[in-house]
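Visitor: A predicted structure for the sequence below; I have some questions about it.
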Amino acid sequence: MATYETDAIVLRTIRYSEADNIIALLTKQRGRVSAIAKGARKAKSRLGGRLQPGVHVRLTLHEGRGDLHAVRGASLIEPNAGLWADSYRLLAAGALLETTLRALPEDDPYDDVYNLTIRAVSLLAQATPASTAPRLDPLVLSYRAKLLVAVGLVPQLGSCVSCGSRGALTAFSAHQGGTLCEDCGGGQAVSGAAVDVFRQLLARPMADAAPVAPGIAEELENLIGSVLREHLGVELRSAAQH
């Protein structure tokens with residue numbers, strides 16, 4: 001059993017008992033962990049407002065015998081208050097944080113994912129709402145694409161994963177690891193526009209992510225979701241509900 005300090009971003013908060021919360025965290029030191037914040041919902045608690053989804057905090061955590069760490073202290077690094085000023089941003093942040101929560105195993109640190117998540121949430125808190133569904137916001141799509149890189153699951157998009165052809169790429173197979181040409185076939189149909197935008201999301205900084213047409217955005221969400229489902233057994237609930 002040990003007590004340690006770590007920077008973290010809150011991924012999810014669930015009510016537990018009369019006054020406690022169970023918190024899912026992405027920590028700098030330990031990766032994704034779950035913790036209990038006792039008394040966080042009491043009126044005089046100093047923890048509640050600091051442990052909301054999207055908030056970047058410095059935590060003191062106690063690692064006991066069970067699966068849950070215990071929150072012993074929390075101080076704000078960045079509240080990302082802009083998320084709470086607009087319902088669109090809050091919903092987009094929820095889709096982004098859900099991806100992190102479901103894609104990463106517990107107690108397995110990924111420095112690249114931690115830094116990527118901090119950056120994405122910070123940008124989203126200041127972003128102008130797009131004219132699309134929040135889950136299809138360009139920052140959310142860019143984050144999900146770059147998450148595949150960070151966890152070693154980036155698909156091959158420049159040529160056919162089966163024969164290497166750089167001709168027309170008309171299908172995508174998460175199982176085989178990328179795009180397929182017309183001759184090889186198989187997989188799911190994919191448009192050239194979706195493949196091009198996928199490449200752009202991977203190549204450009206998140207801050208430069210451009211708006212994506214709704215139909216292409218949904219296609220990208222489906223492609224990224226298929227990779228997460230095939231290799232990690234992850235089903236994105238925000239996508240499945242639509």
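Guide: Here it is on my side, so go on.
Visitor: Can you get me a residue count around Ser173?
Guide: With neighbours defined by other CB atoms under 10 Å, the count for Ser173 comes to 21. For glycine as for every other residue, the C-beta is placed from the backbone atoms N, C-alpha and C.
Visitor: Then the one 4 residues further on?
Guide: As a burial measure, Gly177 scores 16 neighbours (other CB under 10 Å).
Visitor: got the residue ranges for the strands in the protein?
Guide: 2-16, 20-27, 31-37, 56-63, 69-78, 169-173, 178-181, 188-189 (DSSP state E).
Visitor: would you turn those strands into a markdown table with mean pLDDT and distance to Ala133?
Guide: Output for the strands of the chain, formatted as a markdown table (pLDDT from 0 to 100; distance: least, CB to CB, whole Å):
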| stretch | mean pLDDT | distance to Ala133 |
| --- | --- | --- |
| strand 2-16 | 93 | 20 |
| strand 20-27 | 94 | 24 |
| strand 31-37 | 93 | 26 |
| strand 56-63 | 94 | 25 |
| strand 69-78 | 93 | 26 |
| strand 169-173 | 96 | 22 |
| strand 178-181 | 96 | 25 |
| strand 188-189 | 94 | 21 |
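Visitor: can you redo these as TSV with distance to Tyr110?
Guide: Converted to TSV, the strands of the chain look like this (distance: least, CB to CB, whole Å):
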stretch	distance to Tyr110
strand 2-16	13
strand 20-27	9
strand 31-37	6
strand 56-63	17
strand 69-78	18
strand 169-173	25
strand 178-181	22
strand 188-189	28
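Visitor: Listing request: residues of this protein with sub-threshold pLDDT.
Guide: 1, 48, 238-242 (pLDDT under 70).
Visitor: Contacts only, for the residue located most distally from the centre of it.
Guide: Most distant from the centre of the chain: Asp183, at 34.7 Å, with distances by CA atoms, centre = their mean. Applying CB atoms under 8 Å, 6 or more residues apart in numbering, we find Asp183 in contact with 160, 163, 165, 167.
Visitor: top helix in this structure by residue count?
Guide: With secondary structure taken from DSSP state H, the chain has its longest helix at helix 214-232.
Visitor: Excluding chain neighbours, give the residue nearest to Leu201 in space.
Guide: Ala145 (4.1 Å; CB to CB, 6 or more residues apart in numbering).
Visitor: next one: Ser159
Guide: Ser159's closest residue in space is Arg166 (CB to CB, 6+ apart), at 4.8 Å.
Visitor: what's the answer for Pro214, then?
Guide: Thr132 is the one closest to Pro214 (CB to CB, 6+ apart), at 5.5 Å.
Visitor: Now do the contacts for the one you found.
Guide: Counted by CB under 8 Å, 6+ apart, Thr132 has contacts 211-212, 214, 217.
Visitor: likewise Leu59?
Guide: Per CB under 8 Å, 6+ apart, neighbours of Leu59: 5-8, 25, 27, 35, 71, 73-74.
Visitor: Now the buried members of the residues you listed.
Guide: Neighbour counting with 16 or more other CB atoms under 10 Å marks 6-8, 25, 27, 35, 71, 74 as buried within these.
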